[in-house]
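**Q** this is a predicted model, with the sequence first.
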Amino acid sequence: DTAVSQTPKYLVTQMGNDKSIKCEQNLGHDTMYWYKQDSKKFLKIMFSYNNKELIINETVPNRFSPKSPDKAHLNLHINSLELGDSAVYFCASSQATGRSRSPLHFGNGTRLTVT
Amino acid sequence: DQQVKQNSPSLSVQEGRISILNCDYTNSMFDYFLWYKKYPAEGPTFLISISSIKDKNEDGRFTVFLNKSAKHLSLHIVPSQPGDSAVYFCAASVTSSNTGKLIFGQGTTLQVKP
């Protein structure tokens, strides 16, 4: 069973379009994340939700909007796509354990290509 | 401003030998460090971690060493196997934030030759 699943795996779209990426985790974790891996291969955090509450909101254009309908789902909606949005987007989850937190579990990524 | 750096983009090692992957960080607030392994078309998977109260953590063939004064950590794989060929990411966090936010390095591609 896939622990963190993202759909779609590949997404090719034109500039100016609006698209969404979905993420679901079946680990029962309380926190979910979106990371972006750019062309230089850096993995950078974008957002994080804890029990449906936004707790991390990095410097990301307003065109990106996360939505968490429940603690098992965190979707990413992107408006007015630009060429520079082309990247691999990874969803992840983790669970607080006392004063610490479990390592992040990642999905397999969504490769977004904007043409 | 990259707070976690992996200065070697790639490393090639013969099967059976030791692989040493290095990572440097600049933020002295980091107190928890992790290594992730990534195969093509898959997400990163957790490998091993170390808290700043330790200087070494071992799990089977994998050992992570932490030198706080030098702000440097390394991952040793002994013996290296062809299945270890992957991209290895170093990551760091500030545990007191309790957000789980990780700052990643840019990765080192390890190739283990049979």
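**A** Structure received. Given the structure is predicted, the values throughout are model-derived calculations rather than measurements.
**Q** got the phi and psi for the nearest residue to B:Ser52 once chain neighbours are set aside?
**A** Residue nearest to B:Ser52 in three dimensions, not counting chain neighbours: B:Asp31, with 4.0 Å by Cβ to Cβ, 6 or more residues apart in numbering or on different chains. Bear in mind the C-beta positions are built from the backbone N, C-alpha and C, glycine included. The phi/psi pair for B:Asp31 (degrees, to the nearest 10) reads phi -130, psi 10.
**Q** report how many residues lie close to residue 4.
**A** Unless you meant another one, I'm taking chain A. The number of residues packed near A:Val4 is 23, by other Cβ atoms under 10 Å in any protein chain shown.
**Q** oops, chain B please
**A** Residues lying near B:Val4 (other Cβ under 10 Å) number 23.
**Q** got the contact list for it?
**A** Applying Cβ atoms under 8 Å, 6 or more residues apart in numbering or on different chains, we find B:Val4 in contact with B:23-26, B:90-92, B:103-105.
**Q** and it, its phi and psi?
**A** When read as degrees, to the nearest 10, the backbone of B:Val4 gives phi -130, psi 130.
**Q** against B:Pro9, how distant is the residue nearest to it when sequence neighbours are not counted?
**A** Excluding the flanking residues, the one nearest B:Val4 by Cβ to Cβ, 6+ apart is B:Gly105, at 4.4 Å. The gap separating B:Gly105 from B:Pro9 is 11 Å, by Cβ to Cβ, to the nearest Å.
**Q** cool, B:Gly100 as well?
**A** 27 Å.
**Q** pick out the residue nearest the middle of chain A.
**A** Centroid check for chain A by Cα atoms, centre = their mean gives A:Trp34 as the closest residue, at 2.8 Å.
**Q** wait, A:Lys71 touches A:Glu53, no?
**A** No - if you go by Cβ atoms under 8 Å, A:Lys71 and A:Glu53 don't touch, sitting 9.5 Å apart.
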